[in-house]
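Q: Based on what follows, work out the 3D shape:
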Amino acid sequence: MSSAAPTSTGVTVVIVNWNGGDDSIACLQSLQALRAEGAVVRVVVVDNASSDGSVSRLTQHLQNHGWRPRHANIPAPESSRVRQLSAFAGAPGSVEQVLVVQGLDNYGFAAGNNIGIAAADAHWVSDHYWLLNNDTWVAADALSRLLDKVQAEAQVGICGATVLYADADRHVQSYGGAWYSLRSGRGWSLGMGTVYDPGITDAYAEARINYVSGASMFIRAAALRLMGPLCEEYFLYNEEIDLSVRLPAPYRLGVATRSLVYHKVGASIGSEKGNSSGSRLANFFQTRSKLLFAARHTRRYWPLVWLTLLARALKFLRAPGSRPNAWVILTVLLGRRQPDPKWFTERRVASQEPA
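A: All right, here's what the predicted structure looks like:
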């Protein structure tokens, strides 16, 4: 009597790129080295109209490393936002296929992920989606630990990993996620700045977060179908918090603390660790997204969130180097809803400068 063959689990990794081609290539290389028996891993890289040659560098890298081009169709729902879709397969390693999706414009992080998920769904069936920041790379057993978690606990709909700072030896950005105050709009990442402790349990982390970090979100496809797509109104920031609070019963948030993801933190947008006030672009979207989240989910606390952001702006006014960001926050509080295009240029130039 023969036993049934093991069932493969389809995992789609979605990476959104904006002027960070080298980071995206490094992320893809780490995915190629994954050890995850029984998982069929496929990757979608969505480029948000980069101007640094990201797409050409990425496709050239794939072809130089044994990937063969193959036919692919742009999914009908996304045809108005996609310039080109290129497919690749056949290279040795853990990743079976790669789709490179070139957007017509910079649609933001949430929309980029939605475009990537739609492209994946048009070409294959996914049991799970792993949304990864492009400036991350993953430990070889990161995926297997995430899969062990969600397969053992069927109610986990969104699962976080331990995110470590890529530039600091074993220092934590978060154990899976953070606690977000609905009253003030402030967040506290669990374990931030501490040395990684493998003794921190999943249960310990899960009891202390109310959203999963957007740097690494492992989402059960069945749960995502119930939640619907990421909210594209945010453009950047708070979309992962919005998704976490929309997770319906019986699903819940989970953390696989032994799954390790390394993160450069804010490489393209300018919210790097050690930069106390960040870029003007980062401050604009952080402020706008906090107000939008409060308007969507906690309207009675919206004035408190507004006052907390005002206090942040006043704090920045007292520090000469942070005053430009103070004025950005104040203009958003007074109704500004669109960034200055030159703020994108500032980040593009900064991201291309040598460290």
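Q: for this structure, what spans make up the strands?
A: For the chain, strands defined by DSSP state E occupy the ranges 9-17, 39-47, 68-70, 82-89, 95-103, 128-133, 136-138, 156-165, 172-175, 177-180, 187-189, 211-212, 216-220, 252-263.
Q: Could you list the paired strands of the last one along with their orientation?
A: Spelled out, that is strand 252-263. Sheet pairing of strand 252-263 (DSSP bridges) gives strand 136-138 (antiparallel), strand 156-165 (parallel).
Q: Could you dump the strands of the chain into TSV with distance to residue 318, mean neighbour count and mean pLDDT added?
A: (Glycine included, C-beta is placed from N, CA and C.) Shown next, in TSV, are the strands of the chain (distance: least, C-beta to C-beta, whole Å; neighbours: other C-beta atoms under 10 Å; pLDDT from 0 to 100):
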stretch	distance to residue 318	mean neighbour count	mean pLDDT
strand 9-17	35	25	97
strand 39-47	40	24	97
strand 68-70	56	12	94
strand 82-89	45	18	96
strand 95-103	40	23	97
strand 128-133	32	26	98
strand 136-138	34	23	97
strand 156-165	28	27	98
strand 172-175	27	24	98
strand 177-180	26	22	98
strand 187-189	23	16	96
strand 211-212	31	26	98
strand 216-220	35	27	98
strand 252-263	30	24	98
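Q: number of nearby residues for residue 8?
A: Neighbours of residue 8 under the rule other C-beta atoms under 10 Å: 11.
Q: any idea of the pLDDT on it?
A: We have a pLDDT of 77 for residue 8.
Q: likewise residue 5?
A: 42.
Q: Can you name the residues that contact the closest residue to residue 223 other than its chain neighbours?
A: Excluding the flanking residues, the one nearest residue 223 by C-beta to C-beta, 6 or more residues apart in numbering is residue 157, at 3.3 Å. Residue 157 makes contact with 219, 220, 222, 223, 247, 251, 252, 253, 254, according to C-beta atoms under 8 Å, 6 or more residues apart in numbering.
Q: Save the strands paired with strand 252-263 as JSON lines, and put in distance to residue 180 too.
A: Listed next are the strands paired with strand 252-263 as JSON lines, based on distance: least, C-beta to C-beta, whole Å:
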{"stretch": "strand 136-138", "distance to residue 180": "21"}
{"stretch": "strand 156-165", "distance to residue 180": "13"}
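Q: I'd like to know which of the ones you listed is closest to residue 39.
A: With C-beta to C-beta as the criterion, residue 39 lies closest to strand 136-138 of these, at 13.0 Å.
Q: that older thread, what two of the contacts of residue 157 are the furthest from one another?
A: Distance extremes for those: the farthest pair is 222 and 253 at 15.3 Å, using C-beta to C-beta.
Q: contacting residues around residue 173?
A: Applying C-beta under 8 Å, 6+ apart to residue 173 gives the contacts 163, 164, 165, 189, 192, 213, 215, 263, 265, 273.
Q: Closest one of those to residue 339?
A: When the contacts of residue 173 are compared for distance to residue 339 (C-beta to C-beta), residue 265 wins out at 20.6 Å.
Q: Give me the pLDDT for the closest one.
A: So, for residue 265, pLDDT stands at 77.
Q: Distance-wise, check it relative to residue 55.
A: In this view, residue 265 and residue 55 are 24 Å apart by C-beta to C-beta, to the nearest Å.
Q: same question, residue 203
A: Distance from residue 203 to residue 55, counting by C-beta to C-beta: 43 Å.
Q: Report the contact partners of the residue nearest to residue 258 when sequence neighbours are not counted.
A: Excluding the flanking residues, the one nearest residue 258 by C-beta to C-beta, 6+ apart is residue 145, at 5.1 Å. Contacts for residue 145 (C-beta under 8 Å, 6+ apart) come out as 161, 256, 258, 259.
Q: Kindly recompute the last result at 6 Å.
A: With C-beta atoms under 6 Å, 6 or more residues apart in numbering as the criterion, the residues that contact residue 145 are 256, 258, 259.
Q: right, and out of the residues you listed, which lies closest to residue 116?
A: residue 259 (20.8 Å).
Q: Quick one: residues contacting that closest one.
A: Contacts for residue 259 (C-beta under 6 Å, 6+ apart) come out as 142, 145, 146, 161.
Q: burial count for the third one?
A: The number of residues packed around residue 146, counting by other C-beta under 10 Å, is 28.
Q: which helix in the protein runs the most residues?
A: helix 280-297 (DSSP state H).
Q: what bridges to residue 256?
A: Using DSSP bridges, the bridge partners assigned to residue 256 are residue 161.
Q: any idea how far it lies from residue 187?
A: 21 Å.
Q: which other helices and strands contact the longest helix of the chain?
A: Applying 3 or more C-beta pairs under 6 Å, 6 or more residues apart in numbering; DSSP states H and E, we find helix 280-297 packed against helix 302-317, helix 323-333, helix 341-352.
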